[in-house]
Each structure stands twice: as C-alpha cells, then as structure tokens.
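K.L.:
below are the sequence and a predicted model for it; my questions follow.
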Amino acid sequence: MIVNLTPHPITQEGFEPIPPRLGPDGKPNPARVAETVTPDGTFDGRPAVTVQRGRVEGLPAPEDGSLYLVSEIVVDAARSEGRTIEDLCSPYTGPGPLGPIRFTAEDEAAGLAEPGQIAAVRFLRRYVAAPVEAAV
C-alpha cells in the first residue's frame, strides 16, 4: 500500500491520483524536515535567508506492506538520520523521456495550469541503501 506523505495528491500516468494522508483535522499531514530560517542580509541587493534543516517530522517507522511517498528532501534527511529508506519513494521528476508530463501552452489557454508545471509523473522513484564500500 502506498501512503502519500506529501501535502498534495500525486498523479501518476495511467493511475488514479494518490491522495495525501489526512490528519485528525481533515487536512494533509505530510512528512517534513524541520527548518530554521534566518534573514541573512542581501545578495547582490536581493534579500537572502539562511536555512538550517533539522530532523524529519511525521515519518512513520517502516511497516511491512507500506511504501511511503515523500519528497526527496525527506528521503535525504531520513538517510542522514540513519533511518532505513527502502520503504520510501518519491515522484520521479528527472529529465528526458522518463521524466514527468508537463502542462502545455494549450493547457494554459484552457485555464488549467501554466506551461511547464508538472501534470503527472510517469514513475515513482524507489530508494535502496547505499552499497557498503569494500575495505582496502
């Protein structure tokens, strides 16, 4: 079973959208990485901030038969925390023919979305543990 821990439905080509997990308040209850954002002056005259990432929040422990759909930021943070990542997946948004389906100018003219925005993904990206380096 795929459990969507992002804040929005994920549409995969050829399948029904995967709705987000809802909390007790009926709103999406996503897995996130805590952040501390601090104003950091300007860069070339433009306001800038420093972002310090913290721990993963809202990610359940691995459970047999469940695959958790999360952002790549959550996967990276979970891996850094030493959590197994084999039960995680994310929408594959890479380049080329395996990449996502994007809205077009015709979609914009129809009032659907802006060109270039992702309409659907073709694949979900699975993660595996990094191989252990052989001792030299």
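P.N.:
Everything's here; your move.
K.L.:
now the longest helix along the chain: average pLDDT?
P.N.:
Criterion DSSP state H: the longest helix present in the chain is helix 72-80. Summarised as a single mean, pLDDT over helix 72-80 is 95.
K.L.:
then stretch 92-112?
P.N.:
86.
K.L.:
residues in contact with that stretch: which ones?
P.N.:
13, 91, 113-125 (CB atoms under 8 Å, 6 or more residues apart in numbering). From N, CA and C alone the C-beta is placed, and that goes for glycine too.
K.L.:
can you get me the start-to-end distance on it?
P.N.:
22 Å (CA to CA, to the nearest Å).
K.L.:
likewise for stretch 108-117?
P.N.:
Taking CA to CA, stretch 108-117 runs 10 Å from one end to the other.
K.L.:
any regions of this protein where pLDDT drops low?
P.N.:
Residue ranges of the chain with pLDDT under 70: 130-136.
K.L.:
helices of that one, start to end?
P.N.:
Counting by DSSP H, the helices of the chain are 72-80, 105-109.
K.L.:
among these, which is the most enclosed?
P.N.:
With neighbours taken as mean count of other CB atoms under 10 Å, the helices of the chain reach their highest mean count in helix 72-80, at a mean of 18.
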